[in-house]
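Asks: Sequence first, then the predicted structure, then my questions.
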Amino acid sequence: MSLGAHLLEFRKRLMLAAAGLLVGMIIAFVITDPIIAFITEPINQVAKTSDTLVALTYDSVTAPFDLRMRIAFSIGIFLSAPIWMWQLWAFIMPGLTRKEIRYTVGFLGAALPLFFAGCYVGTLVVPHVIELMASFTAEGATNLYEAKKYYDFVFKMMMVIGVAFVLPVFLVVLNFAGILSGKAILKGWRVAVLIATTFAALATPAADVVSMLMLAGMLTVLYFAAAGLTLLLDRRRRKRRIVEGLDPDLPTA
């Protein structure tokens with residue numbers, strides 16, 4: 001295909017992806033009420049156990065609508081993911097080899113479930129964070145959570161934990177590419193545990209030790225799972241090279 005044909009194909013795929021996102025946003029906008037009720041439930045729990053005023057607030061006339069639009073956009077991306085991901089895949093797939101296609105499908109098949117699992121863990125961690133932080137409120141003070149900042153906090157916590165769950169998949173990808181061996185990955189377990197613990201400490205309140213240990217433990221388990229898988233892959237490659245009469249210790253991409 002010529003450059004012009006590629007640009008036309010890209011525009012077509014982009015328009016279809018945008019249309020899918022728009023449909024997803026419309027559906028998400030309709031269901032924003034239960035979503036808002038879900039993410040504000042921790043505030044309601046704090047309000048039930050507190051003698052002070054605890055509430056979600058809006059700082060402008062259009063703030064309630066703005067919050068719904070932000071939620072609709074975020075949820076719309078997830079709902080329309082099959083459409084825009086397929087359009088992206090259909091655009092780049094003709095330029096990939098069969099081996100690259102297999103690796104890409106494998107990466108997405110592992111990364112997407114882990115990402116959504118991380119987002120789910122985020123929904124479990126966030127309420128504990130909010131309740132713990134509210135417990136430090138001075139007597140006679142109030143907890144008024146501005147809607148935009150509150151939603152950004154919840155959404156970013158979910159995204160950060162979701163991405164953290166995907167990081168072990170990148171280690172496997174680097175092993176496939178011949179950049180990191182399984183032994184090298186396993187050898188760095190002390191650094192990985194330190195990073196996982198540090199990340200968990202930053203993602204959760206300092207006083208919430210239970211949530212920190214749970215998150216750090218999950219990330220550490222995923223790291224060792226990735227290390228174990230790469231060791232098995234290295235072993236298979238080594239056996240294959242021996243059968244082919246090649247140097248088994250020669251790194252391959």
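Replies: Nice, I can see it.
Asks: where does residue 62 land on pLDDT?
Replies: pLDDT, residue 62: 90.
Asks: Kindly report the same for residue 100.
Replies: 67.
Asks: just the one 10 residues further on next, same as before
Replies: At residue 110 the predicted local confidence, pLDDT, stands at 80.
Asks: and what of the one 10 residues further on?
Replies: You'll see residue 120 listed with a pLDDT of 85.
Asks: give me the element it is part of.
Replies: helix 98-134 (DSSP states H and E).
Asks: List the buried residues in that helix.
Replies: The neighbour-count check on helix 98-134 (16 or more other Cβ atoms under 10 Å) flags 103, 107, 110-111, 114-115, 117-119, 121-122, 125-132, 134 as buried. Any C-beta I mention is one placed from the backbone N, CA and C, and that applies to glycine too.
Asks: helices or strands up against it?
Replies: Here helix 98-134 touches helix 41-49, helix 147-176, helix 209-243, going by 3 or more Cβ pairs under 8 Å, 6 or more residues apart in numbering; DSSP states H and E.
Asks: if you compare those helices, which one is most tucked away?
Replies: Greatest average neighbour count among the helices and strands packed on helix 98-134 goes to helix 147-176 (a mean of 18), per mean count of other Cβ atoms under 10 Å.
Asks: how many degrees apart are that helix and helix 41-49 in direction?
Replies: 130 degrees (axes from the mean of the first three to the mean of the last three Cα atoms, to 10 degrees).
Asks: can you give me the angle helix 147-176 makes with helix 98-134?
Replies: Using the same axes, to 10 degrees: helix 147-176 against helix 98-134 is 140 degrees.
Asks: buried sites along the helix or strand just after helix 147-176?
Replies: Where DSSP H and E defines the elements, the next helix or strand beyond helix 147-176 is helix 182-187. For helix 182-187, a neighbour-count test (16+ other Cβ under 10 Å) marks 182, 185-186 as buried.
Asks: where's the dip in pLDDT among these?
Replies: residue 182 (82).
Asks: need the contact list for that residue.
Replies: Counting by Cβ atoms under 8 Å, 6 or more residues apart in numbering, residue 182 makes contact with 175, 227-235.
Asks: Out of the buried residues of helix 182-187, the closest to residue 46 would be?
Replies: Residue 46 has its nearest neighbour among the buried residues of helix 182-187 in residue 185, at 41.8 Å by Cβ to Cβ.
Asks: gap between that closest one and residue 197?
Replies: 18 Å (Cβ to Cβ, to the nearest Å).
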